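Enquirer: have a look at this prediction, sequence included:
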Amino acid sequence: MEHMNDEQTKPAASPEADANAATLDPVQALQAALAAAEAKASQNWDSYLRAVAEQDNIRKRGQRDVEQAHKFGVERLLSDLVPVKDSLEMALQSLGDKPEAAALATGVQMTLKLLGSALERQGVKEIDPAKGDAFDPEWHEAMATQESADVPADAILLTVQRGYALNGRLLRPARVLVARAPAK
């Protein structure tokens, strides 16, 4: 018998074993690349969702700002017109029932009515608390307190000057006299 060298004595490797050995490293590399790509895709998806949410928030904020501008854009002008209404009301009171001022009183009444209608169309509401209503510091300004047995303590005794609100936001508080309990 002839001597065989070592290579000849080794059993021949199967083609499948050679393929597995050769592809073991590329498979792991591909799996690692796939995992990295999936992580990057997940990160990009999260970024996309955040961007969409932020864009939606910006749109909503812009829409809310436009609504607020429509609702309260004329607030400064209306605040300036409230004293004009007060002055017209005082002028009307000072004219009283004087016959010589009847024409003037009619003109002031008509002007006051027009101004009141314009303020109302813009969403301005009067704050005119009645005697005995509870004092609310959000809507009323206490000018003074006075002892009273007629109304309970911390109730409105007298409205000195009406207040005004624009679409639920205070333009000017009603100025009131507040009752306090009589001293004992």
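Expert: Happy to help now that I have it.
Enquirer: got the domain ranges for this structure?
Expert: 15-72, 74-122, 126-184 (automatic domain parsing).
Enquirer: ok so residue 159 is a helix residue?
Expert: No. Counting by DSSP: H, G, I helix; E, B strand; the rest coil, residue 159 is not part of a helix but strand.
Enquirer: for it, give the beta-bridge partners.
Expert: residue 176 (DSSP bridges).
Enquirer: count of neighbours near it?
Expert: Burial of residue 159 is recorded as 19 neighbouring residues (other C-beta atoms under 10 Å). C-betas here are computed from N, CA, C, even on glycine.
Enquirer: hmm, it is touching residue 175, no?
Expert: Yes. Assessed by C-beta atoms under 8 Å, residue 159 is found in contact with residue 175 at 7.4 Å.
Enquirer: distance of the spatially most central residue of the chain from residue 72?
Expert: The C-alpha lying nearest the average C-alpha coordinate of the chain belongs to residue 64 (C-alpha atoms, centre = their mean; 7.2 Å). To residue 72, residue 64 is 12 Å away according to C-beta to C-beta, to the nearest Å.
Enquirer: same check, this time on residue 124
Expert: From residue 124 over to residue 72 (counting by C-beta to C-beta), the distance is 11 Å.
Enquirer: between these two, which is the more surrounded one?
Expert: Between residue 124 and residue 72, residue 124 has the larger neighbour count (other C-beta under 10 Å), namely 21 against 16.
Enquirer: what about the closest residue in space to residue 138 that isn't next to it in sequence, how many residues close to it?
Expert: Leaving aside its chain neighbours, residue 138 sits nearest to residue 170 (7.2 Å; criterion: C-beta to C-beta, 6 or more residues apart in numbering). Residue 170: 13 surrounding residues under other C-beta under 10 Å.
Enquirer: please identify which helix or strand holds residue 170.
Expert: strand 169-172 (DSSP states H and E).
Enquirer: gap between the helix or strand harbouring residue 111 and the chain center?
Expert: Per DSSP H and E, residue 111 falls inside helix 102-121. Its chain's C-alpha centre and that of helix 102-121 lie 34 Å apart, by C-alpha atoms, centre = their mean, to the nearest Å.
Enquirer: same question for that helix, mean pLDDT?
Expert: Across helix 102-121, the average pLDDT comes to 93.
Enquirer: now do the helices in the chain.
Expert: Assigned by DSSP state H, the helices in the chain fall at 6-9, 15-72, 75-95, 102-121.
Enquirer: can I get these in TSV with distance to residue 149?
Expert: Below are these laid out as TSV (distance: least, C-beta to C-beta, whole Å):
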stretch	distance to residue 149
helix 6-9	123
helix 15-72	42
helix 75-95	29
helix 102-121	36
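Enquirer: of those helices, which is nearest residue 139?
Expert: helix 75-95 (14.6 Å; C-beta to C-beta).
Enquirer: that closest one versus helix 102-121: what angle between them?
Expert: 150 degrees (axes from the mean of the first three to the mean of the last three C-alpha atoms, to 10 degrees).
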